[in-house]
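have a look at this prediction, sequence included:
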Amino acid sequence: MTVNYQDLGLRVRDARKAKHLTQEQLAEKVGISSSFMGHIERGTRIASIDTLVSICNVLSVSPCLLLGASLSENAVDFPYTNDNRERSFMLDFVSLAQRTVRRWDETESTPEEAPKTEE
C-alpha cells in the first residue's frame, strides 16, 4: 500500500477539527511539537508509526481511516463462513457501521440523532 502523506495529513486535520482540537492541543496530547503537527497535516514530514498510533488514540480514529485504507474482502477474515454471499453481506454491514460511526463522531450526537444514511 502506498501512502499519500498529503491525504493522510488532510484526514488528520479533519479528524482533529471534528474533535474541536487545535494543532497545538493535539500536538501536546501526542507528545510532539505543534510545528511537527503542522508538517504532518500538510504532508511535508512523515510521522513515525508510534506517532501515528498516538494521533489515532487521541482522535479516537482507526489507523485505516488516517491511512485511507478501505475494507475489502481480502482484508477481512470471516472464518465462520465460506459462502460468498454471506461474506459480501457482512462486508457491507461492517462498512455501513464504519460510516455510521464516522458520521456520529462528526456530528457528536447520539446514534439516534445521527443523520439518516441514504444508499
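Looks like it came in fine. Residues are numbered from 1 along each chain as shown.

give me the nearest residue to Leu8, chain neighbours excluded.
Using Cβ to Cβ, 6 or more residues apart in numbering and skipping the chain neighbours, the partner closest in space to Leu8 is Leu66 (5.8 Å). The C-beta positions use only the backbone N, C-alpha and C, and glycine is treated the same way.

next one: that neighbour, what pLDDT does it get?
The per-residue pLDDT reported for Leu66 equals 84.

got the contact list for it?
Contacts for Leu66 (Cβ atoms under 8 Å, 6 or more residues apart in numbering) come out as 8, 11-12, 15, 52, 55-56.

same question, Ser54
So Ser54 contacts 29-31 (Cβ under 8 Å, 6+ apart).

before we move on, the earlier item: looking at the contacts of Leu66, which is nearest Gly38?
Val12 (10.5 Å; Cβ to Cβ).

sorry, back to before: which of the contacts of Ser54 fall within helices?
Members of these lying in helices (criterion: DSSP state H): 29-30.

so which elements touch whichever strand or helix holds Gly38?
According to DSSP states H and E, Gly38 maps onto helix 34-42. Secondary-structure packing of helix 34-42 (3 or more Cβ pairs under 8 Å, 6 or more residues apart in numbering; DSSP states H and E): helix 5-18, helix 23-30.
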